[in-house]
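S.K.: can't give you the sequence, but here's the structure:
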């Protein structure tokens, strides 16, 4: 990368985070809160107010809420968070008049502690941005990373406004199509499922009582996730051409198709706000680190939403990366050296690969209507439903509380 003489150079930073989504903001907060003397800056390509238009909601597992408690923002988020008190799994055709329940989970990992909450994205980002402001973390908008140069002691990132930021460590949190990952020369393994996930919010007559449902239909999983009030968030998987048609359809057509899948037990349905379709695939970075660079969140891994773990994998990345950085800094070590970053990679890479493979297998297993496979999977679900110990194990895994080597933030401990 060559710089022109007119480029603005800033003072050396300790850490530059590229991407101001939940993962990028969390990474900045986690490091700055534990090591206030480190100079942390966040840059984001999108305009400043764009996050306020995100009407989606995300499932936040119990381990991640512990991290948000350490940040001091969970009490701010909690009033808008809906606990998931119960999980129901069915397997049927869309046309089946009755959908037998093959598996149910109680939603607590401990008394009074749900395994997950549904949180509006806008409330999560608002709380994280407020935390950044209190910690003195600078956030710049409308600036994208356009070039990268790596030196022995730091990396330099050229931004679209012509400025250059030098930092000892650059953290890429710029999404599954990460440009910074590309600039760093990190390759990926990826494939397209030929599916898209339709995301929408619906209002219904009767209360959901905190129950989440996952219906395995021939086209893919259809998840109904509870929100505050008589509302639910949908993650509806269809073949891409069908998902695009439904997302473009008028409300009457969409709600008729929705009722065929959602059913009538919660009464009449009404779609609130926009409905959007997102292409689904699997993307795994071949490496999570390079000299002076670390990937986190979707920049490191993009998985199928069948498990609801995408965002939470990113939070696990944040907790592991922050602990790695802060521990190194306290020992007087170089936080951006490849030897330090390798610890983060070894901590997170296997877990991510395992989750990617798991979601890929589950999607292929349940997104079909072959009779022998259906019989086998329903038998397996029934076996799990009858073994309380196994069900508790799966709940612990889903909540992120069962891991033996969880980073401190995910156990509710400050770094």
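M.R.: Perfect, I can see it now. Keep in mind it's a predicted model, so treat the numbers as computed, not measured.

S.K.: Helices along the protein, start to end?
M.R.: 22-34, 62-71, 74-77, 121-135, 179-183, 240-248, 251-262, 310-330, 338-366, 371-385, 388-399 (DSSP state H).

S.K.: Deepest in the core, which of these is it.
M.R.: Mean neighbour count (mean count of other CB atoms under 10 Å) peaks for helix 22-34 among the helices of the chain, with a mean of 26. Every C-beta, even on glycine, is put in place using the N, C-alpha and C of the backbone.

S.K.: Run the angle between it and helix 310-330 for me.
M.R.: 30 degrees (axes from the mean of the first three to the mean of the last three CA atoms, to 10 degrees).

S.K.: so what does helix 22-34 touch, helix or strand wise?
M.R.: Under the contact criterion of 3 or more CB pairs under 8 Å, 6 or more residues apart in numbering; DSSP states H and E, helix 22-34 touches strand 13-18, strand 40-43, helix 62-71, helix 121-135, helix 310-330.

S.K.: Please name whichever of the helices of the chain is nearest to residue 285.
M.R.: Nearest to residue 285 among the helices of the chain is helix 179-183 (6.4 Å), distances taken as CB to CB.

S.K.: so how far is the closest one from its chain's centroid?
M.R.: Its chain's C-alpha centre lies 20 Å from the corresponding centre of helix 179-183 when counted by CA atoms, centre = their mean, to the nearest Å.

S.K.: Find me the pLDDT at the nearest residue in space to residue 299 that is not next to it in sequence, would you?
M.R.: Take residue 299 and drop its neighbours on the chain: the residue closest to it by CB to CB, 6 or more residues apart in numbering is residue 178, 3.8 Å away. Predicted confidence (pLDDT) for residue 178: 97.

S.K.: residues contacting residue 178?
M.R.: Under the criterion of CB atoms under 8 Å, 6 or more residues apart in numbering, the neighbours of residue 178 are 172, 295, 298, 299.

S.K.: hang on, residue 414 packs against residue 34?
M.R.: Yes - the criterion here is CB atoms under 8 Å, and residue 414 meets it with residue 34 at 6.7 Å.

S.K.: Quick check: closest non-adjacent residue to residue 65.
M.R.: residue 74 (5.8 Å).

S.K.: Residue 68 is in contact with the one you found, correct?
M.R.: Yes - counting by CB under 8 Å, residue 74 touches residue 68, with 4.3 Å between them.

S.K.: quick one, what contacts the residue nearest to residue 352 when sequence neighbours are not counted?
M.R.: Closest residue to residue 352 apart from its sequence neighbours, by CB to CB, 6+ apart: residue 301 at 4.8 Å. Applying CB under 8 Å, 6+ apart to residue 301 gives the contacts 283, 284, 285, 313, 352, 355, 356.

S.K.: shaky segments in the stretch 151-300 of the chain?
M.R.: When residues are selected by pLDDT under 70, none of them lie in the stretch 151-300 of the chain.

S.K.: how about the strands of it, start to end?
M.R.: Counting by DSSP state E, counting those that start in this stretch, the stretch 151-300 of the chain has strands at residues 155-159, 163-172, 188-204, 211-217, 220-227, 231-239, 269-285, 289-290, 293-295.

S.K.: The fifth one versus strand 231-239: what angle between them?
M.R.: When you say that, I think you mean strand 220-227. Going by the same axes, to 10 degrees, strand 220-227 makes 170 degrees with strand 231-239.
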